[in-house]
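# here are the coordinates; sequence isn't available:
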Ligand code: NAD
Ligand code: G6P
Ligand code: MN
C-alpha cells in the first residue's frame, strides 16, 4: 500500500503522516510519498516527518518528490491538501472583502469563492495525473479547500474521478463538545446525524454510546454563552497561543461564541460554526480586524512554529512536539482510508453528490452528510425532506457555488459576478463587483482571464 500526500509542504503534513504511521497495520502501508510544487518548503517539512517516523521506529519508506510520476505511480491513496496561492493569497481572500465591509474568510463568502477559482484547475490536474499513474482502484481523499467548490468542480469536470471530499470541522465541533460536557470524552465514539453543504450544515442528532447528548451540549452553550471548555473560558486572557487548541486560537474565539448566538436564534439543530459567516455576517465583520486576519495569525503561529522547529532541529537534533500539530485532522483522513481499505462501513461525514438522498434538494447538489464508508466508498442512504429555512439557505449557497464553477469553465466575468452577488455574505451587487475587481488584480497569477 502506497499513500501519496499532495501538498507535502503543508503545515498539516507532520500530523497527517503521524496518523498514517499509527495505523500502519490497518492500512498495511509500506510507503508514503510527499509531493509538492514547492521543493524547498516540502523538504523542510519532510525533515520533521522523517524524524517522526524514526521516533516511531516505523518501517514505512518515505519518498519526497516534485515529480508527478514518482509521486503517483501505483499509489493506492492520495491525500490532497494543497493551498493554491499559499497564505499570501489567503490574506487577500480575507482582507479584500473586509475592505468592502463584507465577511473576510478563507472558505466562506467572496474569499472562499476566490480561493475556489484558484483551486479548480490544479485539482483537475491532480485527478488527471493520478488517473494516469496511480493504481486503478485508487482513492483521492481531498481536504484541499474550499472543499465545497472543489467538490462541485470535480463533479462537473471529472465525474468519474475516484475522489471523496472531506472536512474536519464537524469532527472538531464534536471534539469541542467532548471537552465541554461530562461523560462523553472520546470524540470518536460520537454517533451523529448531519446534513448541509461544506462549512454550511447542521447536526440533527448527537449521541454518545447510545445516549442522546444534544440537549446537554445545547445547555452547556446556553449557560456559558460559547462552546469553549471552562478552562479556556476562565483563562482566556492569560493563555498564550501554544496552550490553546488549534481551533481555539484568538480569532476562533468569536466563532465559538457564535454557536450561542445561532442557537438562541434557531434552537432546532446544532449548527456548524461556519454558519456564523452567513447568519451573522454583520457581526462577523465587526469582530474582524481588517489589517490582521486569521492568515496573519497562522503565519505567525502554526507556520512559524513549524519552520522554526525545523531550523531548531537542524541545529540541535532536537524536535519539540509543539512545533507541529497532531490530532483529529490527521486521524480523520487516516481513519477514512482504514474504512475503505478494510470495508468497515463505519460512518463518516463526507461531501457527496445528493442523488436524491435529500428529496427536496437538487439531485446534482454536492451535500455534506454522514454515510457508511466501505470498500466502494460512500454507501448512499435515503433521508427525509428538510425544512424550508435550511433548504432556502442551502439553495442560495449552492447557486453561488455552481455559478462560480460555471464562471470558471466559461471564463465568464458575469457568471462570477453573479456568484459573488448570490452569496448571502455580500450586501449588494455593486459591492460584489468592487470585491471581484480587486480580487482579479490580486489573483492575476492564478485565475483564468474572465471575459466581460
Ligand atoms: P500550507 O500553505 O501550509 O500548505 C499547502 C501546501 O500546498 C504548500 O506546501 C504549497 O506549496 C502546496 N501547493 C500549492 N499548490 C500546489 C499544487 N498545485 N500542487 C501541489 N502542492 C501545491 O497550507 P495549510 O494551512 O497547511 O493547509 C493545507 C490545505 O488543507 C489547505 O487547502 C487548507 O484549506 C486545507 N485544510 C482543509 C481542511 C478541511 O476541513 N477540509 C482542514 C484543514 C486544512
Ligand atoms: C477548519 C476547517 C478547515 C479550515 C481550517 C482553517 O478545520 O474545517 O476547512 O481549513 O479550519 O484552520 P486555520 O487554523 O488554518 O485557520
Ligand atoms: Mn473544512
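Cool, got the structure. Since the structure is predicted, the reported quantities are computational estimates derived from the model, not experimental observations. Ligands and ions are numbered 1, 2, ... in the order given.

# From here on, just use CA atoms for contacts and neighbour counts.
Fine.

# what's the spacing between the residue of the chain at minimum distance from ligand 2 and ligand 1?
Distances between the chain and ligand 2 by C-alpha to the nearest ligand atom are smallest at residue 169, namely 3.8 Å. Relative to ligand 1, residue 169 is positioned 6 Å away (C-alpha to the nearest ligand atom, to the nearest Å).

# That residue: neighbour count?
18 (other C-alpha atoms under 10 Å).

# How about the backbone phi and psi for it?
Per-residue torsions, residue 169: phi -70, psi -50 (degrees, to the nearest 10).

# ok, residue 308 - contacts?
residue 323 (C-alpha atoms under 8 Å, 6 or more residues apart in numbering).

# With residue 122 instead?
Neighbours of residue 122 in contact, by C-alpha under 8 Å, 6+ apart: residue 84.

# surely residue 71 meets residue 31?
No. Residue 71 is beyond contact range of residue 31, at 10.8 Å (criterion: C-alpha atoms under 8 Å).

# Which residue of these two possesses the greater neighbour count?
residue 71 (27 against 17).

# Regarding the more buried one, which helix or strand does it belong to?
helix 68-72 (DSSP states H and E).

# what distance separates the helix ranked longest in the chain from the middle of the whole chain?
Ranked by residue count under DSSP state H, the longest helix found in the chain is helix 109-133. Chain-centre distance of helix 109-133: 14 Å, with C-alpha atoms, centre = their mean, to the nearest Å.

# helix or strand right after that helix?
Next along the chain from helix 109-133, counting by DSSP H and E, comes strand 139-142.

# what packs against whichever helix or strand comes after that following strand?
With elements assigned by DSSP H and E, the helix or strand that comes after strand 139-142 is helix 147-157. On a contact count with 3 or more C-alpha pairs under 8 Å, 6 or more residues apart in numbering; DSSP states H and E, helix 147-157 meets helix 109-133, strand 346-353, strand 366-374, helix 388-410.

# who touches the closest residue to residue 358 other than its chain neighbours in this structure?
In this structure, residue 358 finds its nearest non-sequential neighbour in residue 383, 5.3 Å apart by C-alpha to C-alpha, 6 or more residues apart in numbering. Residues in contact with residue 383, defined by C-alpha under 8 Å, 6+ apart, are 357, 358, 359.

# ok, of these, which come out buried?
Applying 16 or more other C-alpha atoms under 10 Å to the contacts of residue 383, the neighbour count classes 357, 358 as buried.

# can you put the contacts of residue 383 in TSV and add secondary structure and distance to ligand 1?
Converted to TSV, the contacts of residue 383 look like this (DSSP: H, G, I helix; E, B strand; the rest coil; distance: C-alpha to the nearest ligand atom, whole Å):
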residue	secondary structure	distance to ligand 1
357	coil	22
358	coil	22
359	coil	26
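
# Just after the worst-scoring helix or strand of the chain on mean pLDDT, pick out the following helix or strand.
Within the chain, confidence by mean pLDDT, DSSP states H and E is lowest for helix 230-235 among all helices and strands, at a mean of 79. Once the chain leaves helix 230-235, the next helix or strand it forms, by DSSP H and E, is helix 253-265.

# Show me which residues of the stretch 151-300 of the chain are close to ligand 1?
166, 167, 168, 169 (C-alpha under 6 Å from any ligand atom).

# and with 5 Å instead?
Contact residues, the stretch 151-300 of the chain versus ligand 1 (C-alpha under 5 Å from any ligand atom): 167, 168.

# can you list the weak-confidence ranges in the stretch 151-300 of the chain?
Residue ranges of the stretch 151-300 of the chain with pLDDT under 70: 236-246.

# rerun that using 80 as the cut-off
231, 234-251 (pLDDT under 80).

# The nearest residue to residue 319 once chain neighbours are set aside: which element?
Once flanking residues are discounted, residue 319 sits nearest to residue 313: 5.4 Å by C-alpha to C-alpha, 6+ apart. Using DSSP H and E, residue 313 maps to helix 304-316.

# hang on, the earlier thing: any buried residues in the longest helix of the chain, and which?
Buried, per 16+ other C-alpha under 10 Å, within helix 109-133: 109-121, 123-124, 126-127, 129-131, 133.

# Just list whatever residues bridge to residue 80.
According to DSSP bridges, the residues that bridge with residue 80 are residue 6, residue 142.

# Kindly state the pLDDT recorded for it?
Residue 80 is assigned a pLDDT of 98 by the prediction.

# Tell me which residues touch it, please.
Residue 80 sits in contact with 5, 6, 7, 140, 141, 142, 143, 144, where contact means C-alpha under 8 Å, 6+ apart.

# same check, this time on residue 413
407, 450, 451, 452.

# Can you pull the residues of the protein lying near ligand 2?
Checking the chain against ligand 2 by C-alpha under 5 Å from any ligand atom, the hits are 167, 168, 169.

# at 6 Å instead, please
Residues of the chain lying near ligand 2 (C-alpha under 6 Å from any ligand atom): 167, 168, 169, 294.

# out of those residues, who's nearest ligand 1?
Among the residues of the chain next to ligand 2, and counting by C-alpha to the nearest ligand atom, the member closest to ligand 1 is residue 167, at 3.2 Å.

# Isn't the closest one up against residue 143?
Yes. Between residue 167 and residue 143 there is a contact under C-alpha under 8 Å: 6.2 Å.

# quick one, which of the two is more surrounded?
Applying other C-alpha under 10 Å to residue 167 and residue 143 shows that residue 167 carries more neighbours, namely 23 against 20.

# give me the element that one is part of.
Judged by DSSP H and E, residue 167 forms part of no helix or strand.

# Likewise for the one 3 residues further on?
Residue 170 is part of helix 169-180 when elements are defined by DSSP H and E.

# In that helix, which residues are buried?
Per 16+ other C-alpha under 10 Å, helix 169-180 contains these buried residues: 169, 170, 171, 172, 173, 174, 175, 176, 177, 178, 179, 180.

# Grab the nearest non-local neighbour of the fourth one.
What it means is residue 172. residue 328 (7.0 Å).
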